[in-house]
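Chemist: dropping the sequence and predicted coords here.
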Amino acid sequence: MALRSSFLTFLVCAALLPVLFKAVDAQGLKVGFYKKTCPKAETIVRQTVASFVAKDATVAAPLLSLHFHDCFVRGCDGSVLLDSTKGHLAEKDATPNLSLDGFDVIDTAKAAVEAACPGVVSCADIVALAARDGVVLNNGPSWQVETGRRDGRVSSASEAVANLPSPFTEISELKAIFARKGLSAEDLAALSGRIPHHRERHCNAFTKRLYNFTGKGDRDPSLSPAYAQKLRSQCPRGDETSIVEMDPGSAVRFDTSYYARVVDRKGLFRSDATLLQEKVTRDLVYQYTGSTSDFFHDFGVSMIKWAASASLRGREERFGSTALSSTPDIYIYHNMLLSRQRLIYI
């Protein structure tokens, strides 16, 4: 998919700032939050995602990644949707997020929801719902998505870099990152499974594993020698710009193939291989390889915890993905310039 820009969604979300602030102050996340205010919201999002998946089944994986990358930074607040401005780099344009996709799906869903219920549904909720629907449409498990999030007001590329795990992250750091969100090592193992991306990554995300793992010109011993040789043929020493497929040979469906690759020592990134270094995550990797039902169950449970782990609600923020500050020359225009809100990114 093309269209990283989500300016349409950006404008619509901004319009929501003053609309339902008082109406939901005392409420938190709950299933069916929009049952009375926008009863068709979840159906509209599901139908939108389905229309994109029908044309391109690989759409689903980016939607799940978009949700994860959104939640890692300031919680599930939709701030990953915001565009950068001159001199101010937003999350979307941080290096770890440059491969994100699916913004056009969110734009389309938001426009359809707005047509049905103007100024009601937050962008953060649409991202969370779309992630679930994408998994289901790729033969994966379903889970109840609590809604009622408020959209964040800050989007910072530097915060994205600081908070998103890298391909080199080791198990101890991964566990710490998840623990800060109230999630366990079991959640880490379950959420590491993903829809095959069929996307490509630059060699610089893993060549250290091929040529200089400990600084002595050696290979990462946790990487299959045969797979390492294949990767070396695609990424010669010193080549940082060539690209390889992230999930070679996998089908476009939600299954346990990720865990099978990790067990076979064919995880592309160090952050994949490191799951085998800790007993809890290692045991679950092997368990999921042999039991799709266990994986589906645990993934759904962990997704519920994940989506609620740091979501904005109540008085914490307002509906509408904006980032506010004091820069005087950047504005959000809404309803043909009839209203204006000051905007900036940090």
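Modeler: Now that the structure is in, tell me what you want to look at.
Chemist: and residue 182, what element?
Modeler: Using DSSP states H and E, residue 182 sits in no helix or strand.
Chemist: phi, psi of the closest residue to residue 219 other than its chain neighbours?
Modeler: Closest residue in space to residue 219, ignoring its immediate chain neighbours: residue 228 at 5.4 Å, by C-beta to C-beta, 6 or more residues apart in numbering. All C-beta atoms are positioned from the backbone trio N, CA, C, and that covers glycine. As for residue 228, its main-chain torsions (degrees, to the nearest 10) stand at phi -60, psi -40.
Chemist: count of residues packed around residue 228?
Modeler: If you count neighbours by other C-beta atoms under 10 Å, residue 228 ends up with 19.
Chemist: so it makes contact with residue 209?
Modeler: Yes - contact status for residue 228 versus residue 209: in contact at 7.4 Å, counting by C-beta atoms under 8 Å.
Chemist: show me whatever sits in contact with both of these two.
Modeler: Both residue 228 and residue 209 are contacted by 219-220, under the criterion C-beta atoms under 8 Å, 6 or more residues apart in numbering.
Chemist: could you check how far the nearest residue to residue 42 once chain neighbours are set aside is from residue 182?
Modeler: Nearest residue to residue 42 in three dimensions, chain neighbours excluded: residue 129, at 5.9 Å (C-beta to C-beta, 6+ apart). Residue 129 sits at a distance of 22 Å from residue 182 (criterion: C-beta to C-beta, to the nearest Å).
Chemist: same check on residue 286?
Modeler: 26 Å.
Chemist: same question for residue 288.
Modeler: Distance of residue 288 to residue 182, computed by C-beta to C-beta: 22 Å.
Chemist: same question, residue 294
Modeler: In terms of C-beta to C-beta, residue 294 sits 22 Å off from residue 182.
Chemist: so which of the two has more stuff around it?
Modeler: residue 294 (15 against 12).
Chemist: I figured that one hits residue 288, correct?
Modeler: Yes - using C-beta under 8 Å, residue 294 makes contact with residue 288 at a distance of 6.2 Å.
Chemist: picking that back up, check contacts around the residue nearest to residue 219.
Modeler: Contacts of residue 228 (C-beta under 8 Å, 6+ apart): 209-210, 219-220.
Chemist: just residue 259 next, same as before
Modeler: Contacts for residue 259 (C-beta under 8 Å, 6+ apart) come out as 193, 285-286, 288-289, 295.
Chemist: and which of those is nearest to residue 125?
Modeler: Distance ranking of the contacts of residue 259 against residue 125, using C-beta to C-beta, places residue 193 first at 23.7 Å.
Chemist: from residue 48, how far out is that closest one?
Modeler: According to C-beta to C-beta, residue 193 and residue 48 sit 25 Å apart.
Chemist: likewise residue 129?
Modeler: 10 Å.
Chemist: what do you get for residue 144?
Modeler: Counting by C-beta to C-beta, the gap from residue 144 to residue 48 is 19 Å.
Chemist: what's the answer for residue 264, then?
Modeler: According to C-beta to C-beta, residue 264 and residue 48 sit 37 Å apart.
Chemist: next one: residue 224
Modeler: Distance from residue 224 to residue 48, counting by C-beta to C-beta: 40 Å.
Chemist: next: residue 124.
Modeler: Between residue 124 and residue 48 the computed distance is 16 Å (C-beta to C-beta).
Chemist: more neighbours, the two?
Modeler: Neighbours of residue 124 and residue 48, each counted by other C-beta under 10 Å, are more numerous for residue 124; the result is 33 against 23.
Chemist: so who does the residue of the chain positioned farthest from its centre touch?
Modeler: Outermost residue of the chain with respect to the C-alpha centroid, by C-alpha atoms, centre = their mean, is residue 216; its distance is 35.1 Å. By C-beta under 8 Å, 6+ apart, the contact set of residue 216 is empty.
Chemist: poorly predicted segments of the stretch 201-346 of the chain, please.
Modeler: Applying pLDDT under 70 to the stretch 201-346 of the chain picks out residues 247-252, 310-346.
Chemist: what segments of it are strands?
Modeler: 243-245, 331-334, 339-342 (DSSP state E, counting those that start in this stretch).
Chemist: what segments of the stretch 101-250 of the chain are helices?
Modeler: 103-116, 123-137, 157-163, 171-179, 185-192, 207-211, 225-234 (DSSP state H, counting those that start in this stretch).
Chemist: these: which one's closest to residue 274?
Modeler: helix 171-179 (4.2 Å).
Chemist: which positions within the closest one qualify as buried?
Modeler: By 16 or more other C-beta atoms under 10 Å, the buried positions in helix 171-179 come out as 171, 174-175, 177-178.
Chemist: ditto for stretch 202-210
Modeler: 202-203, 205-210.
Chemist: measure it end to end?
Modeler: Distance across stretch 202-210, first residue to last, is 14 Å (C-alpha to C-alpha, to the nearest Å).
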